[in-house]
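> Based on what follows, work out the 3D shape:
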Amino acid sequence: MLYKNLKSLILIIPTITIGIWEYVRHAFLLPYISMDLGNWLAPIIVFLVTVTLLRQLFAMMEKLQDELQQEKATTAVLEEREKIAGELHDGIAQSLFLLSVRVDRMKQTSSGEASEAYLNLRKTLHEVNEYVRQAIASLRYPATANTRPWLESLHHLIDEYILDTGMNVHLKWSISEQRLSVKEKVELYASIREALINVYKHAQAATIWILGENDGADGWKCTVSDDGIGFSVRESPPLEHSSGGFGLAIIQDRAAEMKWEFKIFRNNEKTTLELRR
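Predicted coordinates for the structure are as follows:
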């Protein structure tokens, strides 16, 4: 029911109630009820009707107000993300790009140590530049109801990932969108994206499996599995913000903020990252 309709009903119901009471009293009850008693009964009847009907209407209004406040808060967060992404792009990303151009123009010296130092510097600079670009993409293009349907956004992400990396990705998704709030959609989308990037960079995997399914009355579970090298090389939990574990640590931080369960384990020669609510 629309907010305007609720306001109209709240205003009209007491008036209709007293009108019906006065008609019934004068048309049918006047021989049995005195004028004084009728005058006393009128506010009592209005009060009882108000308590019975208007309390439900007020509850619906409060629910609508809460949803509106939540939408405003989500919009504010997304606008702030866009602002931060713009600042990253205009400041750090452009500076890193110019610095990488200068590094690429450096002439390698004949010294083996100097040459190795140059290659390490170039590799580190490009990795940092890639992390900043990924951060900008995550901030600027989250999956929201304001762009495209969430599941469509997830398919689009996977299609682009397959195109960029050439890896095999299998998606099986049955989580209903009604179980995910707007913020959960944004954070889960970003977590899946971070997991895919982490597999590509560190797992040396050929295939990824993404599974999303309902769990219980209103819960859900999302897993990202790969057939890569696992924890023999990659960092195992507890995770820290270090090379190889940075992406996983970001997902772990997101899960903690959203109060999701976070697990990562190795089973049947597959590494699985699990998020559960």
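> The protein: helices as residue ranges?
Per DSSP state H, the chain carries helices over the ranges 3-24, 35-49, 55-88, 94-105, 112-140, 150-165, 182-198, 246-258.
> contacts for stretch 43-55?
By Cβ atoms under 8 Å, 6 or more residues apart in numbering, the surrounding residues in contact with stretch 43-55 are 10, 13-14, 17-18, 21. Just so you know, the C-beta spots here come from the backbone N, C-alpha and C atoms, and that holds for glycine as well.
> before we move on, what about stretch 215-232?
Stretch 215-232 is touched from outside by 175, 179-180, 188, 191-192, 195-196, 199, 202-214, 234, 266, 269-277, with contacts defined as Cβ under 8 Å, 6+ apart.
> switch the cut-off to 6 Å
With Cβ atoms under 6 Å, 6 or more residues apart in numbering as the test, stretch 215-232 has contacts from 175, 179, 195, 199, 203-205, 207-214, 266, 270-277.
> so residue 275 bridges to which residues?
On the basis of DSSP bridges, residue 275 is bridged to residue 222, residue 262.
> Residue 14 versus that one, what's the distance?
50 Å (Cβ to Cβ, to the nearest Å).
> again with residue 203
As defined by Cβ to Cβ, residue 203 lies at a distance of 67 Å from residue 14.
> go on, residue 250?
For residue 250 relative to residue 14 (Cβ to Cβ), the value is 55 Å.
> Please identify which of the two sits among more neighbours.
Ranked by neighbour count (other Cβ atoms under 10 Å), residue 250 and residue 14 place residue 250 first, with 22 against 15.
> Report the contact partners of that one.
residue 194.
> Tell me the pLDDT of it.
Residue 250 is assigned 78 on the pLDDT scale.
> again, but for the one 3 residues further on
Reading off the per-residue confidence, residue 253 sits at a pLDDT of 85.
> hang on, the earlier thing: make a ChimeraX selection of whichever of the contacts of stretch 43-55 turn out to be buried.
In ChimeraX, this line selects whichever of the contacts of stretch 43-55 come out buried by 16 or more other Cβ atoms under 10 Å:
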select :13,17,21
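> Please spell out the segments of the stretch 151-277 of the chain that come in under the pLDDT threshold.
Low-confidence segments of the stretch 151-277 of the chain (pLDDT under 70): 231-246.
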